[in-house]
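A.B. asks: Predicted coordinates and the sequence they were generated for:
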Amino acid sequence: MNDSTELFLLVLLAGAIRAAIPLVLAGLGELIYERSGVFNLGIEGIMLLGACSSVAAQLAGFPWWGSLCVGATAGTLGGLLHAILCVRLRTNQAVTGLALLFLFQGLTAVLGRELVGMPVKDTAVYPLSILSNVPVLGPILSRQDPVMLLAVLLAMLTWFILFRTRWGIVVRACGEKPEAAINAGISLIRVRLTTGCICGALGGLAGAQMALFSATQWQENMIAGRGWIAIVLVIFARWHPLLLILGALLFGGLNALQINLQATGWTVSSHLLGMLPFIITILVMALASWRLKKHPGWMPASLGKDPPPEVERTLIN
Amino acid sequence: MNRGILLRAGVIVTAVLAFVGVLTIANSSPPKVLWLFLTGGGTKYGIAEAIAKMTPILLCALAAAIPARMGLINIGGEGQFLMGTIGATLVALVIPDASSLLLLPLMACGAAILAGVWGLIPAVLKTATRASETVISLLMNYVSGLFVLYLIHGPLKDPTSMGWPQSAAFSANATLPCIPTTRIHPVILVALAFAILLAWVAQSTIIGMSSKIIRTKPAVARYAGIPLTTYYVFGFVLAGALAGIAGFGEISAVHGRLREGISLGYGYAGFFVAWLCRNSFLACVPASILFALIVTGADALQISAGLPFATIYFVQGLLFVIVLAVQRPANNGSEAR
C-alpha cells in the first residue's frame, strides 16, 4: 500500500488507541462491579468527578501521577457512594446510578466553573518514546501517554485475578449466585462495596486521563457519553476484560475515523458525524442483548437482581 | 403519613444545607445566592415563569411515568422533547402561512409524531432484543441533541441571522398565544388534561390494571394473555408524544425558532418529578409546580450569581440521592438489564 494510505491507517490506529483508553478503564471498572452483581449507570458521572478533580490538582501544581491519583480517589468516593446506596441501603440500582449521574454532573459543573478552559501543563509525558524507531508501531507507541500502559496492564491483571485467583472466584460468585457465596462465608456487602470502590477508582482514572492527556483542560460535561459507551462495551465484551479491549479499540477506531474523515475534507457536518458513535452504540447494544438471549450464561446471573431472602437477612445486620 | 412528610421536609432542609455548603466551596456568597434563589421564584414574575415552566416539566414527568408504571425506565424524555421541537419546526417552516387554527394543531401533530417515533425505538429494541431501554433512550438523547445542532448549523440555518446558528423565525400564525405579560400558553391545559386522563386510566380501566400487573409480575401478565409488547410499545410511543408536545409548546410559544438551549433539562426534571411522585400522575402536578419554582430560581441564579445552569442538576441530583437514601426500599424493582 502506498505511503499516504499507510500514514492514514497509522494515524487511525494511534487515534483508536487514544480514544480507547478511557473506554477500557471505565469499562474495566464497570465490568468488575457487574461481575459482583451490581451495575452502575452513573459511571459517566464518576468519570466527570475524576476529570474535574484531576484538572484541579494539576493546575494546583501536582505532578501528573499525583493528579491521576486525585482523580482516581474522587472517583472512588463516587463509587463508594453508589455501593453504599445500592448494597447497604438496597436502593434500585438503575435509579441510583442515574441520580448519582445528575449529582456529579451538577457538582462538577459548579465546582469546576472556574477551571473551564484552563490548559493543564506538564502532561506531555511519553514513556515509550524510546520505541520511536521501531518499524510501523514505533511512531504510534512513542506518542502514547502513560495511562495507556496502565490500562493494558490493568486489563490483563483483571483477567488474571478474575479467572485465575480465589479473589476472582469470590467476586464472580457474588455475581452469579449470592446464596452460594453467603453460604461459603463470604460477606456479600464487603465484596460489593470493594468492587464498587474499584469501579469508582477506574472510572475516575478514565476521566482523569481524558482531561489531563487528551483534552488537557476541563469543560463542563466533557465526558460526552463515553461512560454510557463503556457500559455497552461491557455487555458487548461478555464481561470479559480482554474482549473489552478489543471492543474499545474498535470503538476508538470508529471515533478516530470520524475525526480523520473530517480532516480529509469530507464536507459532512461534524454534528452528523458526532451522532455516529451513539447510533453505533445503540446498534451494538441491541445486537449484544440479542446475543445474550441465546447465551444467557454470558451474563452474571444475579446482575441487578435483588438478593434472595436468606441473603437479605444477612444484609440487614 | 406524617412521618413521610417530616422525612421529605427534612430531606429538603438537608439538601439546602448541602447546597449552601457546595456554594461556599465554590466561592459564591451563600446568603446572596439563597436569597436570589428564593426570590427568583417568589416575585409575581417568578410565579408566572414557574407556571410557564411547569408545563413542559409536567408533560415530561408524564412521559417518564407512563412507561414506569409498566416497569420500564424512560429517561429519554429530553430527546423526545427535542424531537418534538424539530417536528414542530419542520411543519412551521414548510407551511408558515396556513391559518393558526390549522397550523398549530398540525405542528403539535408533527411534534408528537416525530417524538413518538423517538419513543418507539427503545421500546421496539426492548421487546425484540431485551436491550435496556434505559441505556438506549439515554443514548438517543445525545443523538437528538446533535441532530438539533446539525439542523440549526446546516439545512435549517437562517441566512438572515448573521451567522448565528438558529432556524428562521416562525410566522405569527405558528406562534402559540400566551396570557399577556406571561409565557403561559394553552399547552398547560393539555398537560393537566392528560394528567387527569392518565390517572383515571390507571385507576379505573383494564389498561391501568394490566399495566400494574405487567410491572409487578410480568410472568403472570404473560400467562394471563396480556400482550406485553403492545403495552410497552404503546406506552413508550405515548410517552414520547407527550414529551414532544411539550417541545412544541416551548418552541412555539416561548422561542419562536429552533435553536440551542430550548430545553432547560425538562426531560430529566420530568424524570425526577415522576420518580419522586412514585409515578402517580396526579401527584406529578403539584410536584412539577414545585420543581418549576426550583428551575426558575436556578435560572435567576445563572444570570445574577454566574453559576452554571448545571447547578440545577446538582440540586436535583442531591434531592434525588437523599430521598433515595432515606426512603424505605418499598418495591425496589429487580430491574435486571
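C.D. replies: In hand now; what should we look at?
A.B. asks: Next, residue A:146: phi, psi?
C.D. replies: Reported as degrees, to the nearest 10, the phi and psi values for residue A:146 are phi -60, psi -30.
A.B. asks: Could you find the closest non-adjacent residue to it?
C.D. replies: Of all residues beyond its chain neighbours, the one nearest residue A:146 is residue A:127 (5.0 Å), with distances taken as C-beta to C-beta, 6 or more residues apart in numbering or on different chains. In short, each C-beta sits where N, CA and C put it, glycine included.
A.B. asks: Then residue A:173?
C.D. replies: Spatial nearest neighbour of residue A:173, excluding adjacent residues (C-beta to C-beta, 6+ apart): residue A:181 at 4.2 Å.
A.B. asks: Next, that neighbour: secondary structure please.
C.D. replies: Put simply, residue A:181 is helix when judged by DSSP: H, G, I helix; E, B strand; the rest coil.
A.B. asks: my guess is it contacts residue A:172, does it?
C.D. replies: No. With the criterion set as C-beta atoms under 8 Å, residue A:181 and residue A:172 do not qualify as a contacting pair; they are 9.2 Å apart.
A.B. asks: where in the stretch 1-150 of chain A is pLDDT low?
C.D. replies: Across the stretch 1-150 of chain A, the ranges flagged by pLDDT under 70 are A:1-2, A:129-132, A:136.
A.B. asks: Do a quick rundown of the helices in the stretch 1-150 of chain A.
C.D. replies: For the stretch 1-150 of chain A, the helices identified by DSSP state H, counting those that start in this stretch occupy A:3-35, A:43-59, A:64-83, A:93-111, A:138-142, A:146-164, in order along the chain.
A.B. asks: And the shortest one, how far out from the chain middle?
C.D. replies: Shown here is helix A:138-142, whose average C-alpha point lies 24 Å from the average C-alpha point of the whole chain (C-alpha atoms, centre = their mean, to the nearest Å).
A.B. asks: and if you look at the fourth one?
C.D. replies: When C-alpha coordinates are averaged (C-alpha atoms, centre = their mean), helix A:93-111 and its chain have centres 16 Å apart.
A.B. asks: got the angle between it and helix A:43-59?
C.D. replies: 30 degrees (axes from the mean of the first three to the mean of the last three C-alpha atoms, to 10 degrees).
A.B. asks: do the same with the longest one
C.D. replies: Going by the same axes, to 10 degrees, helix A:3-35 is angled at 110 degrees with respect to helix A:43-59.
A.B. asks: Could you check the angle helix A:3-35 makes with helix A:64-83?
C.D. replies: Between the direction of helix A:3-35 and that of helix A:64-83, the angle (the same axes, to 10 degrees) works out to 40 degrees.
A.B. asks: buried sites along helix A:3-35?
C.D. replies: Of the residues in helix A:3-35, those scored as buried under the neighbour-count criterion (16 or more other C-beta atoms under 10 Å in any protein chain shown) are A:11-35.
A.B. asks: cool, the last one as well?
C.D. replies: Of the residues in helix A:146-164, those with enough neighbours to count as buried (16+ other C-beta under 10 Å) are A:146, A:147, A:148, A:150, A:151, A:154, A:155, A:158, A:159, A:161, A:162.
A.B. asks: Isn't residue B:313 up against residue A:99?
C.D. replies: No. In terms of C-beta under 8 Å, residue B:313 does not count as a neighbour of residue A:99; the distance is 10.7 Å.
A.B. asks: just to revisit the earlier point, do you know how far the residue nearest to residue A:173 is from chain B?
C.D. replies: According to C-beta to the nearest C-beta, to the nearest Å, residue A:181 and chain B sit 18 Å apart.
A.B. asks: Tell me the residues on the stretch 1-150 of chain B that lie near chain A, please.
C.D. replies: Neighbours of chain A within the stretch 1-150 of chain B, by C-beta under 8 Å from any C-beta of the partner chain: B:22-23, B:25-27, B:73, B:75, B:121, B:125, B:128-132, B:134-136, B:138-140, B:142-143, B:146-147, B:149-150.
A.B. asks: Got a quick ChimeraX command for the buried subset of those?
C.D. replies: Of these, the buried ones go into a single ChimeraX selection, burial set by 16+ other C-beta under 10 Å:
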select /B:22,23,26,73,75,121,125,129,131,132,134,135,136,138,139,140,142,143,146,147,149,150
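A.B. asks: right, and residue B:279 touches residue B:71 too?
C.D. replies: No. Taking contacts as C-beta under 8 Å, residue B:279 lies outside contact range of residue B:71: 10.2 Å.
A.B. asks: Flag every residue of the stretch 201-317 of chain A that's near chain B.
C.D. replies: A:220-221, A:224-225, A:228, A:231-232, A:235, A:269, A:271-272, A:274-275, A:278-279, A:281-282, A:285-290, A:292-293, A:303-306.
A.B. asks: repeat that for 7 Å
C.D. replies: With the criterion set to C-beta under 7 Å from any C-beta of the partner chain, the stretch 201-317 of chain A comes near chain B through A:220, A:225, A:228, A:231-232, A:269, A:271-272, A:274-275, A:278-279, A:281-282, A:285-286, A:289-290, A:293, A:303-306.
A.B. asks: among those, which ones are buried?
C.D. replies: Applying 16+ other C-beta under 10 Å to these, the neighbour count classes A:220, A:225, A:228, A:231-232, A:269, A:271, A:274-275, A:278, A:281-282, A:285-286, A:289, A:303-306 as buried.
A.B. asks: which parts of the stretch 151-300 of chain B sit against chain A?
C.D. replies: Neighbours of chain A within the stretch 151-300 of chain B, by C-beta under 7 Å from any C-beta: B:153, B:154, B:268, B:275.
A.B. asks: Now a PyMOL select for only the buried ones of these.
C.D. replies: Only the buried members of these end up in this PyMOL selection, burial being decided by 16+ other C-beta under 10 Å:
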select buried, chain B and resi 153+268+275
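A.B. asks: on that earlier part again, residue A:181 and residue A:172: which has the busier surroundings?
C.D. replies: For residue A:181 and residue A:172, the more surrounded residue by other C-beta atoms under 10 Å in any protein chain shown is residue A:181, and the numbers stand at 25 against 18.
A.B. asks: Residue A:303 sits in which helix or strand?
C.D. replies: Using DSSP states H and E, residue A:303 sits in no helix or strand.
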